[in-house]
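1. any chance you can model this:
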Amino acid sequence: MAPESLTMSDVRPFFDATEIVGDADEARDRFDRDGYLFVSGLLPPPVVEDLRRQFLTVLRDAEWIAADSPADDQIAELSAFTVEPEPAYQKVYNQLYSVPAFHALQHRAELVDLVGTLLDAPAIPHPRVIVRVMFPERTAHTTPAHQDFPPIQGATDTITAWIPLTDLSPEMGGLEIAAGSHRQGVFDFVPALGAGGTEITDPLHGAWVGGTFEQGDVLFFHSMTVHRGAPATGNRLRLSVDLRFQRLADPIAPGSLKPHDPDVTWEQIYAGWAPGQHQYYWRDWDLDVGEFDTQYNDKRDAMAFELAAKGDVDARAALLRIVARDPDPAKQRKAAEALAALDADTA
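-> Model (predicted):
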């Protein structure tokens, strides 16, 4: 059953901030009030299209795209369905992650300068960037309503630029924002399927905004802003990227300086790159690297074990993350056993 937070009937349109981004005070005021800024046409579509096509080459070779579909389309091969951080997903994901044009995108002046305006200080991009590949018709795995601060940490004023790589019709879905939610602290949450493995318990009725996207549009939001994916229907993969920025003087969590997959090194990502493609650019900065507070993961994981014992599939995403990423081998084994039992019960 779809969670209550995925009911789309109360979603109002984004406020398009394109006309105000040239006014620093107005743009900042709007972002501070709403916790997001939607800017249409900020990036040149040819730049985004070039990255999309490079990703499509990887996805077609991985057979995630239907073999009989047009070469430049992204019709999903549904039999290939997999989710992060399953090994089948991570294998393809890390090939996407190694595309230099993906990492170059976060250095574009259109993004860095606008985030600097919102932060009222020079902005720096996080080395850890994220690719999202969403299969259609798998709505149970739609990204649930959540906040980025608990898994990212570091600076509270971290800003994400969410960028779809294609036009997004209502059928393909997109990202939706609970406007003003960034001013309410960290919300209570429970384990859930979908990216991140958690969902906030407050439905935030009346706060949700969303809409269609065109190639080149960018959605900026604060790390405390609640956001969720809209279900992807139709037959096409939904491709997007997350790029994150903060002030140089603010603390940064150690994980934000590493690749998204903790089992992969920058040396592996950069293998085969030509010189001068932003490799290790952050090493030139005097960064305040803080500790990562595990309280949120510990809470999620404890609840996931309880749900798994009851046969509740909502524990699955959290269990996968424990198996793939937790530093405690005993906890990994416990999660692997719980996951195997859960999958056997639902087979």
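2. look up the closest residue to the residue sitting nearest the centre point of the chain, ignoring the ones flanking it.
-> With distances taken as Cα atoms, centre = their mean, the residue of the chain nearest its centroid is residue 242 (5.2 Å). Of all residues not flanking residue 242 in the chain, residue 130 sits nearest, at 4.0 Å (Cβ to Cβ, 6 or more residues apart in numbering). The C-beta positions use only the backbone N, C-alpha and C, and glycine is treated the same way.
3. against residue 286, how distant is the one you found?
-> Separation of residue 130 from residue 286 (Cβ to Cβ, to the nearest Å): 25 Å.
4. so for those two, which sits in the more crowded spot?
-> residue 130 (18 against 6; other Cβ atoms under 10 Å).
5. residues touching residue 244, list them.
-> Neighbouring residues of residue 244 by Cβ atoms under 8 Å, 6 or more residues apart in numbering: 125-126, 128-129, 152, 158-161, 256.
6. and it, its phi and psi?
-> phi -120, psi 150 (degrees, to the nearest 10).
7. repeat for residue 13
-> The phi/psi pair for residue 13 (degrees, to the nearest 10) is phi -70, psi 150.
8. ok, and what's touching whichever helix or strand residue 102 is part of?
-> Using DSSP states H and E, residue 102 sits in helix 100-105. Helix 100-105 is contacted by residues 43, 47, 50-51, 54-55, 96, 111, 129, 131, 163, 241, 243, 273-274, 277-278 when judged by Cβ under 8 Å, 6+ apart.
9. and whichever helix or strand comes after it, which residues are buried?
-> The first helix or strand that comes after helix 100-105 along the chain, using DSSP H and E, is helix 109-119. Using 16 or more other Cβ atoms under 10 Å as the test for burial, helix 109-119 gives 110-112, 114-119.
10. and stretch 247-262, by the same measure?
-> 247, 250, 252-253, 255-257, 259-261.
11. swap in stretch 38-49?
-> Neighbour-count burial for stretch 38-49 [16+ other Cβ under 10 Å]: 38-40, 42-43, 47-48.
12. now, the contacts of residue 244 that are in strands?
-> Judged by DSSP state E, strands contain the following of those: 125, 159-161.
13. could you dump these to CSV with neighbour count?
-> As requested, the ones in strands among the contacts of residue 244 are exported to CSV (neighbours: other Cβ atoms under 10 Å):
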residue, neighbour count
125, 23
159, 27
160, 23
161, 27
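14. of the residues you listed, just say which sits nearest to residue 176.
-> residue 160 (13.8 Å; Cβ to Cβ).
15. how close does the closest one sit to residue 91?
-> Taking Cβ to Cβ, one finds residue 160 at 25 Å from residue 91.
16. residues touching the residue nearest to residue 326 when sequence neighbours are not counted, list them.
-> The shortest distance from residue 326 to any non-neighbouring residue, by Cβ to Cβ, 6+ apart, is to residue 332 (5.4 Å). Applying Cβ under 8 Å, 6+ apart to residue 332 gives the contacts 322-323, 326.
17. by neighbours, which of the residues you listed wins?
-> Counting by other Cβ under 10 Å, top hit in the contacts of residue 332: residue 322 with 24 neighbours.
18. list the buried residues in the helix or strand harbouring that one.
-> Using DSSP H and E, residue 322 sits in helix 316-325. Residues of helix 316-325 classed as buried by neighbour count (16+ other Cβ under 10 Å): 316-324.
19. which outside residues touch it?
-> With Cβ under 8 Å, 6+ apart, helix 316-325 has contacts from 83-86, 90, 191-198, 262-263, 300-301, 303-304, 308, 331-332, 334-336, 338-339, 342-343.
20. relative orientation of the helix or strand following it and helix 316-325 in degrees?
-> Sequence-wise, the next helix or strand downstream of helix 316-325 (DSSP H and E) is helix 329-346. Angle between the axes of helix 329-346 and helix 316-325 is 140 degrees (criterion: axes from the mean of the first three to the mean of the last three Cα atoms, to 10 degrees).
21. could I get the buried residue list for helix 329-346?
-> Under 16+ other Cβ under 10 Å, the buried positions of helix 329-346 are 332, 334-335, 338-339, 342.
22. C-alpha coordinates for that helix, CSV please?
-> Written as CSV, here are the backbone C-alpha positions of helix 329-346 (Å, rounded to 0.1, in the frame of the first residue of the first chain):
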residue,chain,number,x,y,z
PRO,A,329,30.4,-7.0,10.8
ALA,A,330,28.1,-8.5,13.4
LYS,A,331,25.4,-6.0,12.6
GLN,A,332,25.9,-6.7,8.9
ARG,A,333,25.4,-10.5,9.4
LYS,A,334,22.3,-9.9,11.5
ALA,A,335,20.8,-7.7,8.8
ALA,A,336,21.7,-10.2,6.0
GLU,A,337,19.9,-12.9,8.0
ALA,A,338,16.9,-10.7,8.5
LEU,A,339,16.9,-9.7,4.8
ALA,A,340,17.1,-13.3,3.7
ALA,A,341,14.2,-14.3,5.9
LEU,A,342,12.2,-11.3,4.8
ASP,A,343,12.8,-12.1,1.1
ALA,A,344,11.9,-15.7,1.6
ASP,A,345,8.6,-14.8,3.3
THR,A,346,7.7,-12.4,0.4
